[in-house]
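J.: Dropping the sequence and predicted coords here.
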Amino acid sequence: MIKAIIIGATSGIGKSLAEKLVIEGYLVGITGRREEMLKILEENHIGKILSMKMDVQDLSSIESICNELVIKLGGLDLLIISAGIGEENKLLDFSIENNVIKTNVQGFTCVADWGMNYFKKQGHGHLVNISSVAGIRGNGLAPSYNSSKAYQINYLEGLRLNASKSNSSIHVTDVRPGFVHTAMAKGDGLFWVSPVEKAAEQIYAAIKRKKKVVYISKRWRLISYILKAIPYSILKKL
Ligand SMILES: NC(=O)c1ccc[n+]([C@@H]2O[C@H](COP(=O)([O-])OP(=O)(O)OC[C@H]3O[C@@H](n4cnc5c(N)ncnc54)[C@H](OP(=O)(O)O)[C@@H]3O)[C@@H](O)[C@H]2O)c1
């Protein structure tokens, strides 16, 4: 049985992925801060989902909680990081920016490093992170969110390069959604919004193919090319 952990599976993409993996016969460990949501998922999938409460901002607890969850599962083949937050912050309130950095940068890095070191020790494994198309360019309304996703995109490439120097069979997949219909996708002007179940199907297909980078849905690749190419003078009018 393939063993997976999903960090941030109490709602949205992480929850949908947990349900998809159960259907596909995986044993799934899930984490998040909302214990009641973790328990509901566990009760709905007895013996197939195991949970542990974990706040990725509490860096000192990550290693021990992840290790304990691996013991409960009896091993680990796949680690998916879906924990993330984003908030508009036009007035540049540092406490809001810092909260995003603590989760999307520090928490992400701590979990990813733990997972990569675990996979290196056992000689194989697959790390998947949900970054975002938002990581391609800056955003005046939510500067910390876009830059945290840029950090994740770059860090994942670094981890892939790092693993390539070892003798292990380690894969790193960077999932870059455009918009997915979850609590996080708020505000007007959203387009090409994927239903969360469809996003989970596409992410699962990319995991099976061990893709390095995947856009959800596929047509967001086009937006990412456009975003990369447009000059700053046009970006500031969007
Ligand atoms: N929805 C979109 O349009 C979209 C687009 C691009 C990228 N993404 C990315 O996809 C990922 C998942 O987001 P989503 O859309 O599925 O939103 P969501 O429904 O809000 O899910 C976010 C998940 O992250 C967990 N989380 C947040 N802060 C945490 C913390 N400090 N410690 C542990 N877990 C934490 C939440 O669990 P608890 O609250 O229970 O802790 C929840 O399970 C995020 O990284 C997001 O940036 C989403």
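T.: Done, it's in. The structure displayed is predicted, hence computed values, not measured ones.
J.: anything in the longest strand anywhere in the chain sitting right up against the ligand?
T.: Counting residues, the longest strand found in the chain (DSSP state E) is strand 169-177. Yes. Applying C-beta under 6 Å from any ligand atom, one finds strand 169-177 in contact with the ligand at residue 177. For glycine as for every other residue, the C-beta is placed from the backbone atoms N, C-alpha and C.
J.: now that strand, how far from the chain's geometric center?
T.: Taking C-alpha atoms, centre = their mean, to the nearest Å, one finds strand 169-177 lying 10 Å from the centre of the chain it belongs to.
J.: Buried residues, that strand. List them.
T.: By 16 or more other C-beta atoms under 10 Å, the buried positions in strand 169-177 come out as 170, 171, 172, 173, 174, 175, 176, 177.
J.: Mind putting the residues you listed into a markdown table with distance to residue 81?
T.: A markdown table is the format used below for the buried residues of strand 169-177 (distance: C-beta to C-beta, whole Å):
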| residue | distance to residue 81 |
| --- | --- |
| 170 | 15 |
| 171 | 14 |
| 172 | 11 |
| 173 | 11 |
| 174 | 11 |
| 175 | 10 |
| 176 | 13 |
| 177 | 13 |
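J.: and which of those is nearest to residue 2?
T.: residue 171 (13.3 Å; C-beta to C-beta).
J.: My read is that the closest one contacts residue 127, right?
T.: Yes. With contact defined as C-beta atoms under 8 Å, residue 171 reaches residue 127; the gap is 7.2 Å.
J.: Quick check: residues of this protein near the ligand?
T.: 8-14, 32-34, 37, 54-57, 82-86, 103, 107, 130, 132, 177, 179-180, 182-185.
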